[in-house]
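Participant: Predicted structure and sequence below. I'll ask about it afterward.
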Amino acid sequence: MTIAAFVTDFADQAVVIPSAIAVAVGFAAAGWHRGALAWSGVLACTWASILLLKLACLLFGSFWVEGLHSPSGHTASAAAAAGGFLGLIVRRHGGDWRWTIPISAGLATVIGLSRLALYVHTGLDVLVAGVVGVVSAMGLVTLAGPPPPRLRLSPIIAALAVVILLLHGHQASAEAAIKRFAAAEFWDDLRVGMSTR
């Protein structure tokens with residue numbers, strides 16, 4: 001396994017989705033319902049946005065932006081989930097929510113570079129996904145508000161570490177499923193209709 005593959009696997013959906021569930025459950029169990037709701041809602045919107053962008057690129061590539069083939073879900077997830085979580089930790093310790101921007105952008109850069117090193121995305125794929133992820137992290141930290149002082153983060157971080165250690169190295173087949181869906185016959189008529197306009 002290369003360094004790029006090792007790094008990129010931290011942001012695979014096989015790791016990110018169970019990790020996100022663990023954090024949401026941890027927030028809810030600790031009584032921080034606003035945080036759990038903001039966390040779940042923003043991450044769901046992030047993944048839905050990337051899915052829609054991927055489908056648009058796959059279905060209407062010739063009508064789309066040159067060089068944008070499939071926005072990186074890994075990059076968006078790293079920025080939104082890990083960046084958002086670290087942004088909440090900063091706020092929990094009295095820091096400003098704006099720290100979320102460089103934190104999430106840094107994580108997007110690291111994962112984005114690993115995706116480029118593996119030749120699975122273009123620079124524009126990574127850039128667009130990074131923007132989606134950073135905006136999502138900002139939205140998450142803003143909507144969640146400052147974590148309550150009574151919130152104990154150590155059990156949530158411990159659960160998160162266990163999930164990551166158990167699942168790192170596994171890959172979800174989300175990209176293949178999206179491509180199969182985009183290749184389905186019922187999209188052909190839509191593509192043909194658009195090309196005749």
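Facilitator: That came through, no problem. It should be emphasised that the depicted structure is a prediction, and the values quoted were computed from it without experimental measurement.
Participant: residues contacting Arg152?
Facilitator: Going by Cβ atoms under 8 Å, 6 or more residues apart in numbering, Arg152 touches Ala30. Where C-beta positions appear, they are placed from N, C-alpha and C, glycine not excepted.
Participant: Could I get the phi/psi values of it?
Facilitator: As for Arg152, its main-chain torsions (degrees, to the nearest 10) stand at phi -90, psi 110.
Participant: Pull out the buried positions in stretch 106-122.
Facilitator: Applying a neighbour-count criterion of 16 or more other Cβ atoms under 10 Å, the buried positions in stretch 106-122 are 106-108, 110-112, 114-116, 120-122.
Participant: Spatially central residue for the chain, please.
Facilitator: The chain has Ser77 as the residue nearest its centroid, 1.4 Å off, counting by Cα atoms, centre = their mean.
Participant: Can you check the pLDDT for that one?
Facilitator: The predicted local confidence for Ser77 comes out at a pLDDT of 97.
Participant: so which strand or helix has it?
Facilitator: With the criterion set as DSSP states H and E, the secondary-structure element containing Ser77 is helix 73-77.
Participant: and that helix, how far out from the chain's middle?
Facilitator: 4 Å (Cα atoms, centre = their mean, to the nearest Å).
Participant: what about whichever helix or strand comes after it, average pLDDT?
Facilitator: For helix 73-77, the succeeding helix or strand toward the C-terminus, using DSSP H and E, is helix 83-92. The predicted model assigns helix 83-92 a mean pLDDT of 96.
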